[in-house]
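*Asks:* quick one: sequence and predicted model below, then my questions.
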Amino acid sequence: MSEKSGAALEPMIGVAPEDVAVVPTGGEPSLWPVVPRPVLGVRIVIGVVLAAAALYAPFYFQPEMNRVLSQAVYLAIAAMGLNLLTGFNGQVSIGHGAFFGVGAFTSAILMIDYGWTFEPTILVSAVLTGVFGLLVGLPALRVRGLYLALVTLGLAVLFPRVAQKFVEGTGGVALLRPSRSEFSSLIDGLDDDQWAYLLSLAIMVVLFLLAWNLVRGRVGRAMIAVRDQEIAASTVGVNLAGTKVATFAISAAYAGVAGSLSVMIDRIADGTNPILYFQRSIEFLVAMVIGGAATILGPAVGALLLVMLRRNTENLIEGKEVLSPAIYGGALIAIVFVLPEGVVGGVRRLLARLGRRSVAAAAAARPPVVADPPPTTSPDDSH
Amino acid sequence: MQLFIEQVLNGIGNGVVYGSVALALVLVFRTTGVLNFAQGEMALFSTYISWKLTTTGMPVVGAIAISMAIAFIAGAATERTLIRPMEGRSPLNVVIITLGLFLGLNSLAQLIFGVDPQQMPTPFPEGSVSFIGDARIQKETIGLIVVLLLECLALWFLLNRTTLGLKLRAVAGNPDSARLHGIRAGSMLMLGWGMSAAIGALAGSLVAAERTGFDSSLMQTILVYALASAALGGFASIWGAVIAGLVVGIADALTIQYVDALDGIEVVLPLALILVVLVVMPNGLFGKRTVERV
């Protein structure tokens, strides 16, 4: 009985049937489940606590830890980019490491060879990787699922080789290190590491809000429709090619921005390791999946979890550092087993259950307003 | 001309390797519908087992056979314990699991067998025989080709001419309706993974024997080329995978020799090949057209 008389459905009571369909669009598009009020409350509390913690963190931790947190931030941005493409649009990419690399090298080259300051290079990276993503997205129209994953995998493997061929850093290797002073804090009273973290965080918040707005609107509904039923979506007028290519470009731009930020945080753009950008791609994918694919907070949660996991497995066993990838890989498998929908998916399910229970309790406490009272009441309700 | 033939032979030598790993990928994909990114690292682990057995004085062929048997059991166990529980969940979860295996197996191999390069002895006779004109072909390469052909024949026979093969294909095509026909889908899936792990073990051991020294990075580049070959061959066809492996190998060798602009980035070539093939024929060179229903 409880679900029908839920608090969330209250506005619907007494509304004529033809108006019912309009109601959900007042707040959210009908695609999204209506959030029960207690759940909304919990969500707001969680959000405020998280925001406060994120803002306070750089002043609490040592610079070394701030760097780790900043890495989580840029990882989150890239994972969000991938989330738009894979989570919301259903195009699997294992090549976002390449876009990340393009972003990193764009920033590094502009700073070293052309004397730019760091901050404007982020914008150039975003535009450049966006265009690059557009170019990759066009042939990707013909390729789907597994094959797309493979073609993009190729991008990630290819990138370091291209970098080695065309980029010449110190000593003739594809390794660029912009000088330390280039990244100094632009605000008095903030240390360099705090500035790097807060700047990345601000960019992340903006990009996450953009993504949130994108997937809640018409474009987002088109993206999800293409993911769920491509042919059906095209029959109701969704522009398949346009949606897919645009998503690819936006997604690539996110990874590019993340790459730029990584130059500020890690102080390096590295093209010498042949599988580094393949590993990056895996990181993005993993962060997205363990955080929760097709959720907004998922990539951030997943990125933080991933960075912490890696940091803590690195020195777990003295003298057996070679084992850390094994623990890391094992942990990934374990997370997939325990939380198949990712952390955010799991929490959401928990909250939904919580919400249902509190709604049930509220409904039991007062007489139901709906026309037909439930025929049977459980013994608990009869007090 | 001499140089050209030599390069082609060179390419065939590599192509056979790509083809045999692609075969394992295709087999697992055909029988279980999963793309196993850990295929290369599973093969690496088996290769280390073969090598370890040969250091105890065991003959090479026996060592490889035992390691294939171990790989078969380990592959089937992996399917049962790690992949099966993901049935009915998002395919992304399976991808994460195989990637987790990829990371884990590689570092376990380093931990158990050390990081120093090792030399795997070859089961084939040494030396080379003359081919067209003055070009010479290594006996090892001939051996690899023969082994690969035998593998293909055996697999083709198994899949297309036996009841077991029919069951395997039925489960891959539609597990539910296969179950309704009384086929034990679980056993078939385990069998698919086991066989592909054994093929990987064979491929890995032979590749390692062909090279001077191998370490834990042995399979990483090979996996990329093998994936390219599998995609080029359409992921569904055994012969397709092998022929595509040869095409990729030869094209790669010729690019290295003749196209200076791609110096150092030869890996562009298999990718470009995949892209062209997929754009023209979305189901690969040897794939079948599928009709999609809404």
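*Replies:* Sure thing, it's come through. Predicted model only: the values in this text are computed from it and were never measured. Numbers count the residues shown, from 1 in each chain, chains lettered A, B, ... in the order given.
*Asks:* what's the distance between stretch B:17-27 and the middle of its chain?
*Replies:* 2 Å (CA atoms, centre = their mean, to the nearest Å).
*Asks:* can you give me the mean pLDDT across that stretch?
*Replies:* Across stretch B:17-27, the average pLDDT comes to 89.
*Asks:* now residue B:155: how far from residue B:98?
*Replies:* 22 Å (CB to CB, to the nearest Å). Quick note: C-beta positions are derived from backbone N, CA and C, even for glycine.
*Asks:* what sits against the residue in the stretch 151-300 of chain A that chain B sits nearest to?
*Replies:* Proximity of the stretch 151-300 of chain A to chain B (CB to the nearest CB) peaks at residue A:154, 3.8 Å away. The contact partners of residue A:154, taken as CB atoms under 8 Å, 6 or more residues apart in numbering or on different chains, are A:95, B:224, B:228, B:267, B:270-271, B:274.
*Asks:* just give the number of residues close to residue 129.
*Replies:* Since you didn't name a chain, this refers to chain A. Other residues near residue A:129 number 31, with proximity taken as other CB atoms under 10 Å in any protein chain shown.
*Asks:* nope, chain B
*Replies:* 11.
*Asks:* ditto for residue A:274
*Replies:* Neighbours of residue A:274 using other CB under 10 Å come to 17.
*Asks:* circling back to that earlier point, just the element for the residue of the stretch 151-300 of chain A closest to chain B, please.
*Replies:* Following DSSP states H and E, the helix or strand that holds residue A:154 is helix A:145-166.
*Asks:* quick one: low-confidence parts of the chain?
*Replies:* Defaulting to chain A. A:1-35, A:146, A:170-171, A:314-322, A:358-360, A:362-383 (pLDDT under 70).
*Asks:* wait, I meant chain B there
*Replies:* For chain B (pLDDT under 70), the answer is B:132-133, B:261-267, B:278, B:281-294.
*Asks:* what comes up buried for the lengthiest helix in chain A?
*Replies:* In terms of residue count, the longest helix belonging to chain A (DSSP state H) is helix A:240-266. By neighbour count on 16 or more other CB atoms under 10 Å in any protein chain shown, the buried set for helix A:240-266 is A:243-265.
*Asks:* stretch B:271-278 now?
*Replies:* For stretch B:271-278, a neighbour-count test (16+ other CB under 10 Å) marks B:271, B:273-275, B:277-278 as buried.
*Asks:* check stretch B:39-57 too.
*Replies:* By neighbour count with 16+ other CB under 10 Å, stretch B:39-57 contains the buried residues B:39-51, B:53-54.
*Asks:* restricting to C-alpha, output that stretch in PDB.
*Replies:* The C-alpha coordinates for stretch B:39-57 follow below in PDB (Å, rounded to 0.1, in the frame of the first residue of the first chain):
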ATOM      1  CA  GLN B  39      44.000 -13.400 -22.600                       C
ATOM      2  CA  GLY B  40      47.600 -12.200 -23.200                       C
ATOM      3  CA  GLU B  41      48.500 -12.200 -19.500                       C
ATOM      4  CA  MET B  42      46.900 -15.700 -19.000                       C
ATOM      5  CA  ALA B  43      49.200 -16.900 -21.900                       C
ATOM      6  CA  LEU B  44      52.100 -15.100 -20.200                       C
ATOM      7  CA  PHE B  45      51.600 -17.000 -17.000                       C
ATOM      8  CA  SER B  46      51.300 -20.300 -18.800                       C
ATOM      9  CA  THR B  47      54.500 -19.500 -20.700                       C
ATOM     10  CA  TYR B  48      56.300 -19.000 -17.400                       C
ATOM     11  CA  ILE B  49      55.000 -22.400 -16.300                       C
ATOM     12  CA  SER B  50      56.300 -24.100 -19.500                       C
ATOM     13  CA  TRP B  51      59.600 -22.400 -19.000                       C
ATOM     14  CA  LYS B  52      59.800 -23.400 -15.300                       C
ATOM     15  CA  LEU B  53      59.100 -27.000 -16.300                       C
ATOM     16  CA  THR B  54      61.800 -27.100 -18.900                       C
ATOM     17  CA  THR B  55      64.400 -25.800 -16.300                       C
ATOM     18  CA  THR B  56      63.700 -29.000 -14.400                       C
ATOM     19  CA  GLY B  57      65.000 -31.000 -17.400                       C
END
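*Asks:* tell me how far residue A:284 lies from residue A:206.
*Replies:* Counting by CB to CB, the gap from residue A:284 to residue A:206 is 19 Å.
*Asks:* and these two? which has more neighbours close in?
*Replies:* residue A:284 (33 against 12).
*Asks:* mind exporting whatever helix or strand the more buried one lives in as PDB, just the C-alpha atoms?
*Replies:* If you go by DSSP H and E, residue A:284 is part of helix A:276-291. Below are the C-alpha coordinates for helix A:276-291, written out as PDB (Å, rounded to 0.1, in the frame of the first residue of the first chain):
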ATOM      1  CA  LEU A 276      50.900   4.600 -19.900                       C
ATOM      2  CA  TYR A 277      47.900   6.000 -21.800                       C
ATOM      3  CA  PHE A 278      46.300   2.600 -22.100                       C
ATOM      4  CA  GLN A 279      46.600   2.400 -18.400                       C
ATOM      5  CA  ARG A 280      45.000   5.800 -18.100                       C
ATOM      6  CA  SER A 281      42.100   4.700 -20.200                       C
ATOM      7  CA  ILE A 282      41.600   1.700 -17.900                       C
ATOM      8  CA  GLU A 283      41.700   4.000 -14.900                       C
ATOM      9  CA  PHE A 284      38.900   6.200 -16.300                       C
ATOM     10  CA  LEU A 285      36.800   3.200 -17.100                       C
ATOM     11  CA  VAL A 286      37.400   1.700 -13.700                       C
ATOM     12  CA  ALA A 287      36.700   5.000 -11.900                       C
ATOM     13  CA  MET A 288      33.400   5.300 -13.800                       C
ATOM     14  CA  VAL A 289      32.300   1.700 -13.200                       C
ATOM     15  CA  ILE A 290      33.200   1.400  -9.500                       C
ATOM     16  CA  GLY A 291      31.700   4.900  -8.800                       C
END
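*Asks:* and it, what does it pack against?
*Replies:* Judged by 3 or more CB pairs under 8 Å, 6 or more residues apart in numbering or on different chains; DSSP states H and E, helix A:276-291 is in contact with helix A:63-82, helix A:96-114, helix A:145-166, helix A:298-314, helix A:324-338, helix A:342-365, helix B:91-113.
*Asks:* can you tell me the closest non-neighbouring residue to residue B:139?
*Replies:* Once flanking residues are discounted, residue B:139 sits nearest to residue B:125: 5.0 Å by CB to CB, 6 or more residues apart in numbering or on different chains.
*Asks:* about what we covered before: between helix A:240-266 and the helix holding residue A:154, find me the angle.
*Replies:* Following axes from the mean of the first three to the mean of the last three CA atoms, to 10 degrees, one obtains 50 degrees for the angle between helix A:145-166 and helix A:240-266.
*Asks:* next, the buried residues of helix A:145-166.
*Replies:* A:146-164.
*Asks:* what are the boundaries of the helices in the stretch 51-200 of chain B?
*Replies:* Counting by DSSP state H, counting those that start in this stretch, the segments of the stretch 51-200 of chain B that form helices are B:60-78, B:91-113, B:139-161, B:163-173, B:175-180, B:185-210.
*Asks:* turn these into CSV, including mean neighbour count.
*Replies:* Shown next, in CSV, are the helices of the stretch 51-200 of chain B (neighbours: other CB atoms under 10 Å in any protein chain shown):
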stretch, mean neighbour count
helix B:60-78, 20
helix B:91-113, 21
helix B:139-161, 16
helix B:163-173, 17
helix B:175-180, 14
helix B:185-210, 25
